[in-house]
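Student: Output the structure for:
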Amino acid sequence: MAGSAPGLNLMLGGVFLKYQLIARRAAAMKLLIGVDDSSESRHAIDVAFGFFGPHAEYMVASVGETRPLFTSAYAGGSFVSAADLTERFDTAELAARERARRAAEALPADTDVDVDVAVGHPGSALCDLASELGVDAIVIGSHDKNAWERLLNPSTGRYLIDHAPCPVVVVR
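Tutor: You can find the predicted model right below:
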C-alpha cells in the first residue's frame, strides 16, 4: 500500500503488537495499563508483565466515569448543583483510585509501579494520561461485546487505537 507506514502484526498469546514494541522490548519501557473491575483487566496486567517483564516501568490507571449532568426533578428537568457535581466527581475519583490500587497489587511486589486516576471518558482520559506521562505503550483488556453493546457503550479499545499518542496493546 502506497503511503502507509511499514508494520508487522505479531500475535503472541492473543496480543497483537506492532514491530516498534518488539524493538523496544530490550530497553526498559514505560507502560500505561488501563484497568476497570473486570477479569479482562486482570488478564491484561498478567500478560503485560509476562511480555514486558520486571524491568518495565508500570503505570496502572483507572478512570472514574460520570453520568449525564441532568435530572428530571420536574417535567422540564434541571441542572445538577455545583455541590452535587463535585460530590459525583469526588466519588468517581475515589472509586477509580481504589480500582487502580487493587489492580496494581496484581503485579509482583518488587515491580516499579505507580497508580494514577482520571475522571471522564475512559478513552480520552487514557490518551491524555499517555501524553502527560510520555508512555511507550498503553495496555488494556478487551471486553467481548455484541453489536448492541457496542452501539450503546462504544469500545474504549477502539477509541484508543484511533486516538492514542503511542502504540496500544489490546489483550484478549
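
Student: Name the nearest residue to Ile140, ignoring sequence neighbours.
Tutor: Excluding its sequence neighbours, the residue lying closest to Ile140 (CB to CB, 6 or more residues apart in numbering) is Gly34, at 4.5 Å. (C-beta placed from N, C-alpha, C; glycine too.)

Student: ok, so what distance separates the one you found from Val170?
Tutor: As judged by CB to CB, to the nearest Å, Gly34 and Val170 stand 10 Å apart.

Student: Overlap of the contact sets of these two?
Tutor: Overlap of the contact sets of Gly34 and Val170 (by CB atoms under 8 Å, 6 or more residues apart in numbering) consists of Ile140, Leu160.

Student: neighbour-wise, which of the two wins?
Tutor: Gly34 (28 against 21; other CB atoms under 10 Å).

Student: which element is the more buried one on?
Tutor: According to DSSP states H and E, Gly34 maps onto strand 30-35.

Student: which other residues reach that strand?
Tutor: 41-42, 44-45, 48, 52, 56-63, 99-100, 103, 122, 126, 129-130, 133-141, 156, 160.

Student: 6 Å instead, please
Tutor: Residues from elsewhere that reach strand 30-35 (CB atoms under 6 Å, 6 or more residues apart in numbering): 41, 45, 48, 56-62, 103, 126, 130, 135-140.

Student: Also stretch 53-69?
Tutor: Stretch 53-69 is contacted from outside by 28-35, 80, 88, 92-93, 95-96, 99-100, 103-104, 111-119, 122, 125, 129, 133, using CB under 6 Å, 6+ apart.

Student: List only buried entries from the residues you listed.
Tutor: Neighbour-count burial (16 or more other CB atoms under 10 Å) applied to these gives 29-35, 80, 88, 92-93, 95-96, 99-100, 103-104, 113, 115-119, 122, 125, 129, 133.

Student: So which of these are in strands?
Tutor: In strands, defined here by DSSP state E, the members of the buried ones among the contacts of stretch 53-69 are Lys30, Leu31, Leu32, Ile33, Gly34, Val35, Val113, Val115, Asp116, Val117, Ala118, Val119.

Student: returning to what we had before: quick one: the residue nearest to Ile140 and Ala106, what's the gap?
Tutor: 14 Å.

Student: ditto for Phe52
Tutor: Counting by CB to CB - Phe52 and Ala106 are separated by 14 Å.

Student: count of residues packed around the closest residue to Val119 other than its chain neighbours?
Tutor: Distances taken as CB to CB, 6+ apart place Gly64 nearest to Val119, at 4.5 Å, with adjacent residues excluded. Number of residues near Gly64 (other CB under 10 Å) recorded here: 23.
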